Structure formats: structure tokens, C-alpha cells
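Visitor: Sequence unavailable; structure follows:
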């Protein structure tokens, strides 16, 4: 049986990172520290968290397989895409979906969840 590892847990709610086999799954990440700021500012903060999540699992953004992005206002996708391209910094982009949806955390306008290989 393949071991399942979990990191950055919020007890009884979620694991921030789950590793199964050679695949890493992150929870949806928002930027509580930058709540109320622009989508771009929030995205940069989320990417810092995701970089740490991926590192904890022994991988990085060069091995991304899939990304799911939620925006409270889909008209802000261009702003998000600018931050996304800067963060990827020439890395090949993963398969990706972006949709408009309300988010649970007040003042958070973007949420990102990743799947990556190890």
C-alpha cells in the first residue's frame, strides 16, 4: 500500500498538502494576510505559500501538473494571469482551469489549488 503523507494540517478541517505516491495535492490557498488588496497582490502572496507547500513535499513549480483557480470576479483574470506568468518565470504551465465563484474568506478575491509531480 502506498503511504499517504499530510502536511500543514488544520485539525478536523483539512490538510494543506497531501502526498500520495509521486503526486502532491495542495489545498485551495487564499491570502488572508492580503485580504482586501488587489487580485495581483493576493496572487503573489498565495504563490509564496504554494512554493512553501511544494517544497515541503519535495517538489517545485517546474513539476506542476494541474492548477485550479477561483476568482470572485472573472473580469480580474488578466490581472491574475500577469502575476501567474511572473511566478512561473518561464516554467512550462500546467493544465489549468479558472472560474468565477464566491470564496469563503471575506476580502479574498482569488484561490489557487495545485497538483504536482515529485
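Guide: Structure received. Just so we're clear, the structure is a prediction, and the values are computed from it rather than from any experiment.

Visitor: right, and the secondary structure at residue 54 would be what?
Guide: The assignment at residue 54 comes out as helix when based on DSSP: H, G, I helix; E, B strand; the rest coil.

Visitor: Tell me where the protein has helices.
Guide: Here the chain has its helices, by DSSP state H, at 39-56, 77-88.

Visitor: Return the most buried member of those.
Guide: Of all these, helix 39-56 has the most neighbours on average by mean count of other CB atoms under 10 Å, namely a mean of 19. All C-beta spots, glycine's among them, are computed from the backbone N, C-alpha and C.

Visitor: And for that one, what's in contact with it?
Guide: Applying CB atoms under 8 Å, 6 or more residues apart in numbering, the external contacts of helix 39-56 come out as 7-8, 16-17, 24, 26, 29-31, 33-35, 60-61, 63, 71, 73, 76, 79-80, 82-84, 87, 108-112, 114, 116.

Visitor: if you set the cut-off to 6 Å instead, what comes out?
Guide: Outside helix 39-56, the residues that touch it by CB atoms under 6 Å, 6 or more residues apart in numbering are 7, 17, 26, 29, 31, 33-34, 60, 76, 79-80, 83, 87, 109-110, 112, 114, 116.

Visitor: for stretch 110-118, same thing?
Guide: 22, 24-26, 28-30, 39, 42-43, 46, 50, 54, 58-59, 63-71, 80, 103.

Visitor: Buried members of these into PyMOL, please.
Guide: In PyMOL syntax, the buried subset of the contacts of stretch 110-118 is picked out as below (16 or more other CB atoms under 10 Å):
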select buried, resi 24+25+26+28+29+30+39+42+43+46+50+54+59+63+64+67+68+69+70+71+80
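
Visitor: Please flag which of the contacts of stretch 110-118 sit within strands.
Guide: Of the positions in the contacts of stretch 110-118, 24-26, 64-71 sit in strands, assigned by DSSP state E.

Visitor: now, which of those residues sits nearest residue 99?
Guide: For those, the minimum distance to residue 99 (CB to CB) is 6.0 Å, reached by residue 70.

Visitor: OK, contacts around residue 91?
Guide: 61-62.
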